[in-house]
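Peer 1: After the sequence you'll find the predicted model.
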Amino acid sequence: MKYRQQEKQEEILFGAAYYPEYMPCDRMEEDLEQMRAMGMNVIRVAESTWSSLEPTEGVFDFSWIDHILEAAERHHMKVIVGTPTYAIPAWLAKKDPDVMIRTRKGQASYGHRQIFDITNPTFLAACESVIRALIEHVAGHPAVIGYQVDNETKHFDVASATAQMRFVEYLKEKFGTTEALNDAFYLRYWSNSIARWEDFPDMAGCCHAGLSCEFERFQRKLAADFLAWQAELIREYSREDQFITHNLDFEWKKFGADIAQDGYSYGVQPGINHAEVDECLDISGTDIYHPTQDDATGAEVAFGGDIIRSLKQEPYLILETEAQAFKYWTPYPGQMRLDAISHLASGACGILYWNWHSIHNGFETYWKGILSHDLLPNPVSRELGTVGTDLKRIGADHLVIRKKNRAAIVVDNHSLSAMNWHPTDRDLSYNDVFRWMYDSLYEMNIECDVIDVTRLETDPYDLILVPELYSATEETIDKLRRFAAEGGVLLATFRSFFSDEYLSVYPDLAPHGLTECFGISYQQFTEPGRTTIDGRPVKYFMELLTPGTADVLHAYEHPYWSAYAAVTRNVYQKGTAYYVGCYLEKDQLKGVLRQAAAEAGIPADAFAASWPLVHRSGVNTAGLTVHYLMNYSERPVFATCPFEHCRDLFSGQEYTAGEEIRLADWGAAALEEM
Amino acid sequence: MKYRQQEKQEEILFGAAYYPEYMPCDRMEEDLEQMRAMGMNVIRVAESTWSSLEPTEGVFDFSWIDHILEAAERHHMKVIVGTPTYAIPAWLAKKDPDVMIRTRKGQASYGHRQIFDITNPTFLAACESVIRALIEHVAGHPAVIGYQVDNETKHFDVASATAQMRFVEYLKEKFGTTEALNDAFYLRYWSNSIARWEDFPDMAGCCHAGLSCEFERFQRKLAADFLAWQAELIREYSREDQFITHNLDFEWKKFGADIAQDGYSYGVQPGINHAEVDECLDISGTDIYHPTQDDATGAEVAFGGDIIRSLKQEPYLILETEAQAFKYWTPYPGQMRLDAISHLASGACGILYWNWHSIHNGFETYWKGILSHDLLPNPVSRELGTVGTDLKRIGADHLVIRKKNRAAIVVDNHSLSAMNWHPTDRDLSYNDVFRWMYDSLYEMNIECDVIDVTRLETDPYDLILVPELYSATEETIDKLRRFAAEGGVLLATFRSFFSDEYLSVYPDLAPHGLTECFGISYQQFTEPGRTTIDGRPVKYFMELLTPGTADVLHAYEHPYWSAYAAVTRNVYQKGTAYYVGCYLEKDQLKGVLRQAAAEAGIPADAFAASWPLVHRSGVNTAGLTVHYLMNYSERPVFATCPFEHCRDLFSGQEYTAGEEIRLADWGAAALEEM
Amino acid sequence: MKYRQQEKQEEILFGAAYYPEYMPCDRMEEDLEQMRAMGMNVIRVAESTWSSLEPTEGVFDFSWIDHILEAAERHHMKVIVGTPTYAIPAWLAKKDPDVMIRTRKGQASYGHRQIFDITNPTFLAACESVIRALIEHVAGHPAVIGYQVDNETKHFDVASATAQMRFVEYLKEKFGTTEALNDAFYLRYWSNSIARWEDFPDMAGCCHAGLSCEFERFQRKLAADFLAWQAELIREYSREDQFITHNLDFEWKKFGADIAQDGYSYGVQPGINHAEVDECLDISGTDIYHPTQDDATGAEVAFGGDIIRSLKQEPYLILETEAQAFKYWTPYPGQMRLDAISHLASGACGILYWNWHSIHNGFETYWKGILSHDLLPNPVSRELGTVGTDLKRIGADHLVIRKKNRAAIVVDNHSLSAMNWHPTDRDLSYNDVFRWMYDSLYEMNIECDVIDVTRLETDPYDLILVPELYSATEETIDKLRRFAAEGGVLLATFRSFFSDEYLSVYPDLAPHGLTECFGISYQQFTEPGRTTIDGRPVKYFMELLTPGTADVLHAYEHPYWSAYAAVTRNVYQKGTAYYVGCYLEKDQLKGVLRQAAAEAGIPADAFAASWPLVHRSGVNTAGLTVHYLMNYSERPVFATCPFEHCRDLFSGQEYTAGEEIRLADWGAAALEEM
């Protein structure tokens, strides 16, 4: 049944993923009591339990899930039930070897999670059977408040015979004739053109950037379709008060520590398109993992939240975030609390940790939970208890906020894929550029939305930022030009607007369709070498911009390139267009962003603060503006209250204009204007 | 026939591996004469000659081996005959493609050595046939004194269908039911539990740390069984004066030089369990390769010897050690002699070099022999000649020693495997920690045994050192606790006693079962970051120890971790237990070890010396204590004689208490107390 | 028909590879007009167009090539037609899966170019069919002046069943019996000997250096045979005024920039033997890609030209060289012109750029052309226009030169392969040593030929340089000894003359057969460690030379190696032999080369100049000596005219002895002696 949103959020969801089936003994009572004592009110269960649920094909065992639901109800805990499909049982892999994914690198062996073929009929039939059985069984239970479809789903580079057959069908539908396909992708070179669809080759060996990225786009669609299909199955059984969500995640960046499992949420997700998935969800959800100790900056919590909140412009769920893990994620005192408040500051309406208890064997032994392996209270659980108690006390009405940002960053999975084929530099990925832009804003306390290019609407915004939009349709280019013409402030970086949607480079003067808008053009780009701007080295990449009507904000310093501009500003009709032709130092970029924001009418930070003092705000259900202040440093910081009268929802302390607000090391406040 | 040990060792075995079948011409007479002139008395032959021995299936050619044996007898050279099974002939690979090993990474192609499947029936039948034929042929020859089964055998990650079938049988026998298996390894998570044995998956894709390490343990057993089976075959033919040995080797560490063949003996062997193999051997044997020139420290000779000697607590054979090789192993003058004496100092009763002559083509062209490719006398052969002459002159009675060490290090292949799945740090392996501990003792001239945890007996020792014993059974934990309770000194490092034998983490306070013994516990561990101890950075890993009854020897210096201990000492009943919670600088560790050794009643070095002046001693057959002194440096060193009266067996020089003993650069002495 | 060389070269060929079939629209008229305006007279077409030429099997479409030829004729452009075989159409891969190459690493998937099996019958039949059809169609057209067979052909490690079967046939023919094969390669060790040819194993797993390198030699022969076969097919149709050429290329060195396509022409080609291919060509041709901006040195243009010119001792074609590409190859003003003149200075008679226009999609999007993606005139095209106009004005008679060099470097693909198996150092390849030697000469303005060892004739030379000739036949060794005995100056480096043609190390004193000639011998070599020469570290490798009759030019400085020589000079009969036993600093090597050159009677540079002022010369068709002067730096340089009277063919400026000649940054002159 279609979900009907509640009028009013009762309480902030606060809890954890919970896997009692993996415990050394039955501790359910102890666990749930301890959760309640910590102010928790929700658990997420079942999302990796297929082999427990259906130990042999067609034979289901619901006893353990009944046990959970019964106990949860008794302890007044809400339950989100996950479909168990992201880890398949061994019997399914034995039944049909093609259940195991074939990627462009070969076929996987059974063992790991997320290595099945999401187009395989045997797999899909088994999925349907277990989902129907599970959801039918649990849908009526009062503790169940919603469902999570699958888990951190991506396409995993599915390239099986089925997936490839479907790709050819997709191309046929898109292009009609092989001739049109050959033309769109310029396939004649290296003899890759085909005269008959049956000659279309296996994508495993494809080295054609445009065609490969089209395949990746198609693979993302397969993943999104898989989730939408699961959501439809669930809706055959679910109640109108039960939502469907999914834990969308981000490109993972290894920090080079261990053989497995190290890393953190870094940027735009290459393996699935969030905007495409979100259409089948009732509430947007996400998993955010981030560095801790000295590397905690809050940036991952912020950008992840901004991306997910921008999908529906509604509060969203943190379905997973770290408690503690490995040796790298042992938080300093105060950091657990600070990060929780940061999630609220981005607009979250619920926070679930991953996971309740540490797992005693398997692959994720060191991806620890709130409880360590000893299953005893510990510094992390104690600190989270203070958070839970506060959230309960203060309530969702005050703490959950909505935002109306005036700035937006435009992102694009397809350009991200393109950059993997045509990298700006080995050491500068698409997401590096995205983070360079995003983090600069974040550190300046300029809040923004993050918008997928396929859903771009320019109306709500005064400032639109476009990092490395390599692939841009004529329609997108038009939209952005009109935005500037009609009074907006547009800022784009190098390598934007270079190719069309098939990665075919536009055969005219760059930046395509926007030379007049930006008042510049360029024919060459180069490795910076010795080039400097204001004496500081340019890194990675630079375009040799020839200014037309534009003002030169920065020029290159180099024996041969000094005639060219690096950063320009152009008044275009009623608006302004900035072009950043190279990778500047971050504080140089901030200077340009500051100027553009000011020109867009976005006021400077009310606290005149910048990172590590982070200020993010919004309007709560009570209609009051809440200013979250977070100190991402180990030194106390002081701010001067710029509001007439406000109250820290956590401490209850009130401030009037000009009063000093002190934040302890890793401290935070939520100032509600009164 | 069962080997009957000789009453008395006639002479120290001194010789080389010899491959006349690989010579450009027949030089047998010249070679053997030159060996005799160098004081040599033994050659090892035949261990890689299957294709010469059996050029086509079932057709044997013994002519060349008869030629060797006849010449050896004539020149009074003893012969150790190796079974030829570690390199198979091409016809055997053609006969049955499954003879080539299938590992978890795929199937091997013919070419290299040691790439067959030791569970394959075709391979085993061919092995049996060639071993029976060869041993039957040579067993009666008077020159033959013993046999080597196979060569540096490991499991090579055999994961063929046969091996996997046997693994399932092994699990069935161990666990009885799939439910017990699921419980032991916590298989429910990620849906890896099975309800029927026939659902047990291929181990190739297994990402479950516990189950994978169990498979590796099983693979080590397969390798040990293979050698035991060979030994039994040989004993059907061998005489009671003929021994069986095997050249056990060590984890190999690349030093990152060339595409192949660089590296040296580094630590505990992951691919086979020495203790498990040793049961089928009459004399323990080993291969030790070590750095040379400025990187020669003697540490590899020492630890390799200590590991092998500890197996039977008897003298052992160096079956291979380097002469010269590549560009890296061109010894400085004196180093060949120094290393030979070092082997005796560890308790060896024989030294064979690898190999007599350099090989003129193939894979090991630069893994050179005593003779270079020119087959002429050279600096290395001349220096070894002085060693051989001395050994002959002085004799085994004086030079071969036995030890009764009071300290022991406990090692464990299974914990080593576990650390590959759950590394302490990318740059700190199990063997790095073992070497950190071992080398610290070695450099302090504290001698120790090295004991496999599965054969641990605590009785002989006063000090037991336990580095990273991640996986520890309740029985082992009990044994160590009792050792301390009854008056021993126990010292363990971080990450010990964390999991049981299946790598399931103990679900109670760490260190499991020993919180009282060590007087500490911990719930968290962390990357050290900026942490220091006495101003010096902590590296890789640290546990946040909460002291109970223990004294704090070192605490952490850090804004948030200063409340926690780093190194502790606890009086436990009649004994003492030290806990080292982090990776200290080596000299900081030495301070702790010094205190522990003193507490165990182990006296400080008689010479008050430390590396590069190495002192190792034991009692020879004549019942006299021999003190080997070795100078691992290019500067002469001086020591003061601490004994009433002693004699250098090599130079004949006598010393009385207080006299100065001079060792030239890379010099050595063997002081027999008189 | 056999090509009949023209009496006189009409004009210097100046043009580009041209792919109109890959353009976004038909721009043929515009393109050809612009080419003519830039002084261009030639295009190369069709070499990657199989799928356009034969869209389905047996169905040919010549319309587009007729369109090119018609337009070319109309615009007075010459055409070189390439056979389209280096990129196969998808239908061919579908027809027979074995068309895709199987290398020692496995079978390729369709997609990339150059990944077919050049021994596969289906592939060869399809090649023959398309070549016959194309050449028959175009041979009569007046615009067509020649053909290029395939493109940058190499063996690509073909190791299919067919290739391996042929290899066994080749071995049978070479060795007759398996016994002779076993002996030649010393196969008995590791049981690799065979008793029957049918036991010969798959080369995929071969780890035997000698046998593997023999296989690589055989693979190079397969590649050369493939080109010779194509040439013979063409000659069935071609006119006597139409030549056959091929674009021989060089070992490619990545500079570690991007995921694909970065790198440059670095040294001797491992994948094919230039000398073996050249026999089927009428005009030698080559592709040279080189660093630019601050890394432009001219060295690649020089050594590539010297290698190709030395094949026939005739002018040759640059069939591909870079216009601009990636971000790395954006030339500084003046560099395009300088490089073009450099090609002439090496003896080229034609220069074709790769390629005319940038490609808008696919794999090589950033491997740009003269025109960027915008297809507009740009700095590169404008600068090339000045070159083309000058070449046309001055003419081939004046600018194309022939050389008679007195020095030669001997190179060998087989030793190069050997060095991959037995590397001198991980960071010092065969080509590193070749470039160390070549670049030293180049920087000293000593011109040389580069001769394949299999075609070595010593007569024309006074100085012969032999870097790392690891594998040397007795015949080669004899030849070089006689050269020195009869008055030549011979200079060889470490690791030369070590093994025979099967990589079997000579079993006598090194350097084999030349101890008397060089007056030295050695038995050991070593990693240099702390060794210095004149206080400067020796790097990578050093042989411990024992001088006999030789003078010691440099000795080692080291506590243990100071008795050994590093560099020696020996008077041998009427000549002299230098031996360089280690990797010296380049300027130390130059000192030795200077002495050797002087001893060989080669005069010092007329301008007393050295890099970055490069001086290369020869005699033009008019019989006059032309001195090319090139300034590879961004500072102007000045030279004093050493000739009585000369004229710069480009500027027209005349100089008399003693007058100052100024070259601007990246400037060049061609001084014709009058």
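Peer 2: Happy to help now that I have it.

Peer 1: residues contacting the residue nearest to A:Gln523 when sequence neighbours are not counted?
Peer 2: Using Cβ to Cβ, 6 or more residues apart in numbering or on different chains and skipping the chain neighbours, the partner closest in space to A:Gln523 is C:Asn378 (4.6 Å). Placement of C-beta: from N, CA and C, glycine included. C:Asn378 makes contact with A:523-524, C:371-372, according to Cβ atoms under 8 Å, 6 or more residues apart in numbering or on different chains.

Peer 1: Report the buried members of the residues you listed.
Peer 2: Listed as buried from the contacts of C:Asn378 are A:523-524, C:371-372; burial here means 16 or more other Cβ atoms under 10 Å in any protein chain shown.

Peer 1: Show me the two of those residues that sit farthest apart.
Peer 2: Maximum pairwise distance among the buried ones among the contacts of C:Asn378 (Cβ to Cβ): 11.8 Å, between A:Gln524 and C:Leu371.

Peer 1: who touches the closest residue in space to A:Glu383 that isn't next to it in sequence in this structure?
Peer 2: When the adjacent residues along the chain are set aside, A:Glu383 lies closest to A:Met336, with 4.6 Å between them (Cβ to Cβ, 6+ apart). Going by Cβ under 8 Å, 6+ apart, A:Met336 touches A:323, A:380, A:383-384, A:387.

Peer 1: Check A:Gln524 too.
Peer 2: A:543-544, C:324, C:330, C:372, C:378-379.

Peer 1: With adjacent residues omitted, what lies nearest to the closest residue to chain C within chain A?
Peer 2: Taking Cβ to the nearest Cβ as the measure, chain A has A:Gly205 as its residue closest to chain C, at 2.8 Å. Among residues not flanking A:Gly205 along the chain, C:Ser109 sits closest, at 2.8 Å (Cβ to Cβ, 6+ apart).

Peer 1: cool, and A:Leu480?
Peer 2: Among residues not flanking A:Leu480 along the chain, A:Leu490 sits closest, at 5.8 Å (Cβ to Cβ, 6+ apart).

Peer 1: and what of A:Trp421?
Peer 2: A:Ala209 (3.8 Å).

Peer 1: for the stretch 501-650 of chain A, what spans make up the helices?
Peer 2: A:515-518, A:586-599 (DSSP state H, counting those that start in this stretch).

Peer 1: how about the helices of the stretch 51-200 of chain A, start to end?
Peer 2: Counting by DSSP H, counting those that start in this stretch, the stretch 51-200 of chain A has helices at residues A:63-74, A:90-95, A:121-138, A:161-175, A:178-185.

Peer 1: Out of these, indicate the one that is most buried.
Peer 2: Most buried of the helices of the stretch 51-200 of chain A, by mean neighbour count (mean count of other Cβ atoms under 10 Å in any protein chain shown): helix A:90-95, with a mean of 21.

Peer 1: next one: it to chain centre, how far?
Peer 2: 33 Å (Cα atoms, centre = their mean, to the nearest Å).

Peer 1: name the helices or strands packed onto it?
Peer 2: helix A:121-138 (3 or more Cβ pairs under 8 Å, 6 or more residues apart in numbering or on different chains; DSSP states H and E).

Peer 1: The helix it packs on close to chain B?
Peer 2: No. Judged by Cβ under 8 Å from any Cβ of the partner chain, helix A:121-138 stays clear of chain B, getting no closer than 10.5 Å.

Peer 1: just checking, what packs against that helix?
Peer 2: So helix A:121-138, by 3+ Cβ pairs under 8 Å, 6+ apart, packs with helix A:50-53, helix A:63-74, strand A:78-82, helix A:90-95, helix A:209-235.

Peer 1: could you check the angle helix A:63-74 makes with it?
Peer 2: 40 degrees (axes from the mean of the first three to the mean of the last three Cα atoms, to 10 degrees).

Peer 1: Quick one: mean pLDDT over helix A:121-138.
Peer 2: Regarding helix A:121-138, the rounded mean pLDDT is 98.

Peer 1: same question, stretch A:422-436
Peer 2: For stretch A:422-436, mean pLDDT rounds to 96.

Peer 1: One more: stretch A:218-226?
Peer 2: Averaging pLDDT along stretch A:218-226 yields 98.

Peer 1: quick one on the thing from earlier: scan the contacts of A:Gln524 and report the most crowded one.
Peer 2: C:Gln324 (28 neighbours; other Cβ atoms under 10 Å in any protein chain shown).

Peer 1: Now for it: which residues touch it?
Peer 2: Going by Cβ under 8 Å, 6+ apart, C:Gln324 touches A:524, C:330-331, C:368-370, C:372, C:380.

Peer 1: So which of these sit within helices?
Peer 2: C:Val380 (DSSP state H).

Peer 1: Among the buried ones among the contacts of C:Asn378, find me the one that's closest to C:Thr576.
Peer 2: Nearest to C:Thr576 out of the buried ones among the contacts of C:Asn378 is A:Gln524 (Cβ to Cβ; 52.1 Å).

Peer 1: Let me know the distance separating the closest one from C:Asn361.
Peer 2: 20 Å (Cβ to Cβ, to the nearest Å).

Peer 1: closest to C:Gly39 among the contacts of A:Met336?
Peer 2: Taking Cβ to Cβ as the measure, C:Gly39 lies nearest A:Ala323 of the contacts of A:Met336, at 71.6 Å.

Peer 1: What parts of the stretch 351-500 of chain A come near chain C?
Peer 2: Applying Cβ under 8 Å from any Cβ, we find that the stretch 351-500 of chain A lies next to chain C at A:420-423, A:425-426, A:499.

Peer 1: Go through the residues you listed and name the one nearest chain B.
Peer 2: Out of those, the member with the shortest distance to chain B (by Cβ to the nearest Cβ) is A:Arg426, at 21.0 Å.

Peer 1: My understanding was that the closest one contacts C:Gly256; is that so?
Peer 2: Yes. Applying Cβ atoms under 8 Å as the test, A:Arg426 and C:Gly256 come out as touching, 7.3 Å apart.

Peer 1: picking that back up, for the residue nearest to A:Gly205, give me its contacts.
Peer 2: Contacts of C:Ser109 (Cβ under 8 Å, 6+ apart): A:201-202, A:204-205, C:100.
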